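In: quick one: sequence plus predicted model below, questions after.
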Amino acid sequence: MYQTPEDRPIYRLLTGKDDRAFCERVSEALAQGWRLYGSPTLAWDTAENSMKAAQAVVWHEADVLKD
């Protein structure tokens, strides 16, 4: 198996309010060795009246196939 930072799974879905902090979390993951997996997703959260974002990342050593 692959050794990831903090022994995390090889697949992660980062989510949060679409703001600078979210972008910084994704950037930090990329700097640690994660790579983007697929396109980001955006959705309007009516309860919080804000845009939410999600981005999947996979560990760089993982052999993950996309369909």
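Out: Good, I have the coordinates.
In: ok but A21 is inside a helix, no?
Out: Yes - according to DSSP: H, G, I helix; E, B strand; the rest coil, the state of A21 is that of a helix.
In: H60 versus that one, what's the distance?
Out: A21 is 23 Å from H60, where distance means C-beta to C-beta, to the nearest Å. Quick note: C-beta positions are derived from backbone N, CA and C, even for glycine.
In: ok, K52 next?
Out: Distance from K52 to H60, counting by C-beta to C-beta: 26 Å.
In: same question, E6
Out: Separation of E6 from H60 (C-beta to C-beta): 15 Å.
In: higher neighbour count, those two?
Out: Neighbour totals were compared for E6 and H60, and H60 leads with 13 against 5 (other C-beta atoms under 10 Å).
In: may I have the residues that are in contact with the more buried one?
Out: By C-beta atoms under 8 Å, 6 or more residues apart in numbering, the contact list for H60 reads 33-35.
In: pLDDT wise, what is it at?
Out: Looking at H60, its pLDDT is 85.
In: what's it sitting at in phi/psi?
Out: phi -60, psi -30 (degrees, to the nearest 10).
In: equivalent analysis for E24, please.
Out: Per degrees, to the nearest 10, the backbone of E24 is at phi -70, psi -40.
In: for the one 3 residues further on, same thing?
Out: Here is the backbone geometry of S27 (degrees, to the nearest 10): phi -60, psi -40.
In: which stretches of this protein have low pLDDT?
Out: Applying pLDDT under 70 to the chain flags residues 1, 62-67.
In: tell me the strands beside the lengthiest strand in it, with direction?
Out: For the chain, the longest strand by residue count, based on DSSP state E, is strand 50-59. Strand pairing for strand 50-59, determined by DSSP bridges: strand 11-17 (antiparallel), strand 34-36 (antiparallel), strand 41-45 (antiparallel).
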